[in-house]
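Q: Here's a sequence, model it:
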Amino acid sequence: MPRPLLRLLGLALLLLGASHPTWAETPERIVSLAPAMTEILFALGLGERVVGITSVCDRPEAAQGKTRVGGMSNPSLEAILALKPELVVMTTDGNPKHIADQLQRLGIPIHVFTPRRLSEIPGGIRELGARVGAEKAADTLARELERLLKTPPRFAAGEGPKALFVIWPEPLIVAGPGTLIDDALTLIGYVNIAADAGTAYPRFSVEEALRRKPDVVFLGLGHDRDNPRTQRLLQRLAPAGLDHPGRIVSVGDALYRAGPRLPVGIVEISPGQDFGPERATR
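A: The predicted model follows:
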């Protein structure tokens with residue numbers, strides 16, 4: 001029998017063998033298809049209800065024993081169905097639409113988390129909380145982020161230090177417009193030197209980055225200074241005086257995800273020091 005027919009037969013048998021999922025007001029069996037969604041669900045105190053996660057859901061530690069159903073872009077429908085979920089939580093930032101369509105055709109209830117901008121996240125958390133019966137916990141989590149969003153910027157608009165946030169050192173990929181990182185930089189009052197790029201995560205030449213004279217460079221998670229790629233980038237930045245203490249800052253991945261650790265990420269990039277006597281001129 002051809003492989004596609006075998007796969008369809010397998011899905012049919014799973015559906016016949018499973019109790020058909022219904023729209024549960026308080027779903028007890030939840031599959032998360034995105035790392036940020038997994039973090040939010042656990043932060044809402046719903047870890048015991050989460051029965052499946054993706055291969056890239058690495059936080060929190062308590063999630064590591066959950067069943068893996070594949071990647072964000074290519075989860076296994078068979079693996080999801082085998083878990084008999086009452087709800088599958090997805091995001092528009094990483095989960096393809098055709099996966100949502102397939103799940104709906106199979107009768108699997110889904111919740112799609114749509115916010116992508118920092119100001120939209122509290123509302124998205126509240127919507128998810130209402131869907132899973134955790135309104136109070138969701139409101140508490142949303143309020144924490146809202147308090148940060150109301151914090152006055154450290155610098156006047158357009159007058160803050162110029163910042164570059166490195167997503168990948170070689171080739172140089174940076175955070176551009178329309179990203180949580182750009183929103184966080186703007187919230188504090190930094191001037192993101194890649195804010196005028198045409199894409200969310202543009203590729204820059206080191207020469208172009210230096211031409212824009214950043215005052216501070218943030219190195220995202222995974223780019224420790226002993227990594228050869230990072231070392232080569234730092235060597236090329238050094239002549240511009242960026243090797244001065246406080247001008248190259250290593251940070252984690254909290255701003256990479258629309259989850260409960262966003263306040264941590266905002267604090268990480270908040271200035272706690274000046275940028276040295278070699279601060280670039282505008």
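Q: Which helix or strand lies directly C-terminal to the lowest-mean-pLDDT helix or strand in the chain?
A: Taking mean pLDDT, DSSP states H and E as the measure, the helix or strand of the chain with the lowest value is helix 3-17, at a mean of 48. Once the chain leaves helix 3-17, the next helix or strand it forms, by DSSP states H and E, is strand 30-32.
Q: what separates that following strand from the chain centre, distance-wise?
A: Computed by CA atoms, centre = their mean, to the nearest Å, the chain-centroid distance of strand 30-32 equals 17 Å.
Q: Who are the packing partners of that strand?
A: Applying 3 or more CB pairs under 8 Å, 6 or more residues apart in numbering; DSSP states H and E, one finds that strand 30-32 contacts helix 35-43, strand 50-53, strand 87-91. All C-beta atoms are positioned from the backbone trio N, CA, C, and that covers glycine.
Q: do you know which of these lies nearest residue 99?
A: When the helices and strands packed on strand 30-32 are compared by CB to CB, strand 87-91 sits nearest residue 99, at 7.1 Å.
Q: circling back: among the helices and strands packed on strand 30-32, which is nearest residue 209?
A: Proximity to residue 209, assessed across those by CB to CB, is greatest for helix 35-43 (28.0 Å).
Q: Now do that closest one: which elements does it pack against?
A: Using 3+ CB pairs under 8 Å, 6+ apart: helix 35-43 touches strand 30-32, strand 50-53, strand 87-91, strand 110-113, helix 121-131, helix 135-149.
Q: Pull up the pairing partners for the shortest one, direction included.
A: The partner list of strand 30-32 in its sheet, established with DSSP bridges, is strand 50-53 (parallel), strand 87-91 (parallel).
Q: Show me what the mean pLDDT comes to for that strand.
A: Strand 30-32 shows a mean pLDDT of 98.
Q: Please enumerate residues in contact with it?
A: 38, 41, 46, 49-54, 57, 69, 80, 83, 85-89, 132 (CB atoms under 8 Å, 6 or more residues apart in numbering).
Q: Would you mind identifying the next helix or strand past the helix or strand containing residue 210?
A: Residue 210 is part of helix 206-211, with elements assigned from DSSP H and E. Next helix or strand after helix 206-211 toward the C-terminus (DSSP H and E): strand 216-219.
Q: related to what we said a few turns ago, which stretch among the helices and strands packed on strand 30-32 comes nearest residue 76?
A: In terms of CB to CB, the element of the helices and strands packed on strand 30-32 nearest to residue 76 is strand 50-53, at 9.8 Å.
Q: quick one: average confidence on that closest one?
A: Per-residue pLDDT over strand 50-53 has a mean of 98.
Q: residues contacting residue 128?
A: By CB under 8 Å, 6+ apart, the neighbours of residue 128 are 37, 40, 41, 44, 89, 111, 113, 138.
Q: can you tell me how far it sits from residue 113?
A: Distance of residue 128 to residue 113, computed by CB to CB, to the nearest Å: 6 Å.
Q: what does residue 255 give?
A: Relative to residue 113, residue 255 is positioned 17 Å away (CB to CB).
Q: Now stretch 203-214: buried residues?
A: Going by neighbour count (16 or more other CB atoms under 10 Å), the buried part of stretch 203-214 is 204, 206, 209, 210, 213, 214.
Q: Over to stretch 157-177?
A: 160-170, 172-177.
Q: C-alpha coordinates for stretch 52-71, PDB please?
A: Only the C-alpha atoms of stretch 52-71 are listed here, as PDB (Å, rounded to 0.1, in the frame of the first residue of the first chain):
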ATOM      1  CA  GLY A  52       2.400  17.200  24.800                       C
ATOM      2  CA  ILE A  53       4.900  19.800  23.600                       C
ATOM      3  CA  THR A  54       7.300  20.300  20.700                       C
ATOM      4  CA  SER A  55      10.900  19.300  20.400                       C
ATOM      5  CA  VAL A  56      12.000  23.000  20.900                       C
ATOM      6  CA  CYS A  57      10.000  23.600  24.100                       C
ATOM      7  CA  ASP A  58      12.900  23.800  26.500                       C
ATOM      8  CA  ARG A  59      11.400  25.700  29.400                       C
ATOM      9  CA  PRO A  60      10.500  25.400  32.100                       C
ATOM     10  CA  GLU A  61      12.400  22.500  33.500                       C
ATOM     11  CA  ALA A  62       9.100  20.900  34.700                       C
ATOM     12  CA  ALA A  63       8.000  20.500  31.000                       C
ATOM     13  CA  GLN A  64      10.900  18.300  30.000                       C
ATOM     14  CA  GLY A  65       9.100  15.100  30.900                       C
ATOM     15  CA  LYS A  66       6.200  15.800  28.600                       C
ATOM     16  CA  THR A  67       5.600  13.800  25.300                       C
ATOM     17  CA  ARG A  68       7.200  15.400  22.300                       C
ATOM     18  CA  VAL A  69       5.000  15.700  19.200                       C
ATOM     19  CA  GLY A  70       7.600  17.100  16.700                       C
ATOM     20  CA  GLY A  71       8.800  20.500  15.700                       C
END
